[in-house]
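Asker: Dropping a prediction and its sequence here:
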Amino acid sequence: MRALMLAAAVAVVLASGACNRAPDTGSSAAGEAHEAGDGHAHEATGGPVTLDLYEFGGDFALTAHDGAPFRLADARGKVVLLFFGYASCPDVCPTTLATVSSAMKQLGDRSSEVLTVFVSVDPERDTPEVLREYIDHFRIPAVAVTGSTEDLDRIVSQYKAYYEKVESDSAMGYLIDHTAIVYVIDREGRVRFLHRYGDGAGRLAEAVQLALRD
Amino acid sequence: MHVVASRLSSVPVPAAFRLVLSLLLAFTGLVAIRAETPDIVVSEAWARMAPNGRNGAVFMTIENRRPADTAIVSAASPAARVVELHEMAMQGDVMRMRKIEKIALPARQPVKLQPGGLHVMLIGLVKPLEAGEHVALTLTLEDGTDIRVSATVRAMGGH
């Protein structure tokens, strides 16, 4: 019996160790190994959905799409889905917001206990007006926030995320490389799950359900 | 053959035949295809729902049935101010998107433009893209052939 319990404990530790992986900015050796491993640019995380307690994250203050100040702490009591992006991004950001929207549908009534926070790392183009039109389009309970470059840089590093303005000959002007992770934050404001690009709405809904129960 | 393809829009097609063709296409689930050259076949063309004035992305499968390689070198659409070819890649957890000069279409191979990879980028939408609508798009190959595509706007991220 004790041996069985020990084995179970080891399994839990191993599982949480495997999941508790910080965002990968792609520049580390781990990132290269990750890419080289399966020949794909990214892979969906397999295995059961379990919550972890991440040491990074925390409160921040920015300006919301309605022009009002927003603090993450204002959302205490709700599960928050935090995402870094920009409104001109045509693929990853809408894909992620569509995944969030689909997860919200799966959650049904409980989706009222969830708030999506879209942090724009493009304050130059993403005025409150642009952000309002952008976020309204996805028809989910969400707030789009941005702020000064200094504030954004601090928050991005607080969440171990990454973004970089890249000059381009595109008609868009500059492009922005950015972390494509949905941070699932519990009612106490702690990061509990990292939903990676391509992981699917089912896993996100599952993580939110666990966070709501927690 | 290529000349025929590039003149497709000017070939008179009887209305009744068009109706039959579109019904046939609708029946086979390939409603996204409005026109195709006989040797470059576009299927499952779709665009993602997007707000006004922002950018959109169009995805599709393109099959080059020619014996030789070709490439898409430009694209145009009345739906957007500018249309470009873009490629996205995930590096670790970071999304990187770049403008590219062409999309290669190797001989007798399907090429998928899909989320997380290649897409036709609509920059500066003239109006919002709402689910169920259609976006007209012209892809130009390196030999000058125009391929006309109609993409269905979808709300969600994928199929």
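Answerer: Nice, I can see it.
Asker: and the residue nearest the centre of chain A, what is it in contact with?
Answerer: Residue closest to the average C-alpha location in chain A (CA atoms, centre = their mean): A:Val182, at 1.9 Å. By CB atoms under 8 Å, 6 or more residues apart in numbering or on different chains, the contact set of A:Val182 is A:81-83, A:96, A:99-100, A:194-195, A:204. In this view, the C-beta of every residue, glycine as well, is placed from N, C-alpha and C.
Asker: check whether stretch A:193-200 contacts chain B.
Answerer: Yes - judged by CB under 8 Å from any CB of the partner chain, stretch A:193-200 and chain B are in contact via A:196-198.
Asker: Low-confidence stretches in chain B?
Answerer: For chain B, the stretches flagged by pLDDT under 70 are B:1-37, B:156-159.
Asker: In a strand, the residue nearest to the centre of chain A, correct?
Answerer: Yes - with the criterion set as DSSP: H, G, I helix; E, B strand; the rest coil, the secondary structure at A:Val182 is a strand.
Asker: Find the residue closest to it in space, skipping its chain neighbours.
Answerer: For A:Val182, ignoring the flanking residues on the chain, the nearest one in space by CB to CB, 6 or more residues apart in numbering or on different chains is A:His195 at 4.0 Å.
Asker: just checking, A:Asp151 touches A:Leu62?
Answerer: Yes - look at A:Asp151 against A:Leu62 with CB atoms under 8 Å: they come within range, at 6.3 Å.
Asker: Look at these two and report which has more neighbours.
Answerer: A direct count of neighbours by other CB atoms under 10 Å in any protein chain shown for A:Asp151 and A:Leu62 places A:Leu62 higher, at 21 against 17.
Asker: what's the more buried one in contact with, if anything?
Answerer: Residues touching A:Leu62, when contacts are defined by CB under 8 Å, 6+ apart, comprise A:69-70, A:119, A:145-147, A:151-152, A:155.
Asker: returning to what we had before: pretty sure the residue nearest to A:Val182 is touching A:Gly202, no?
Answerer: No - between A:His195 and A:Gly202 there is no contact, the gap being 10.6 Å when judged by CB under 8 Å.
Asker: more crowded one of those two?
Answerer: Each of A:His195 and A:Gly202 has its neighbours counted (other CB under 10 Å); A:His195 has more, 26 against 13.
Asker: Does the more buried one belong to a helix, a strand or coil?
Answerer: Per three-state DSSP, the secondary structure class of A:His195 is strand.
Asker: Then A:Val130?
Answerer: Assigned state for A:Val130: helix (three-state reduction, three-state DSSP).
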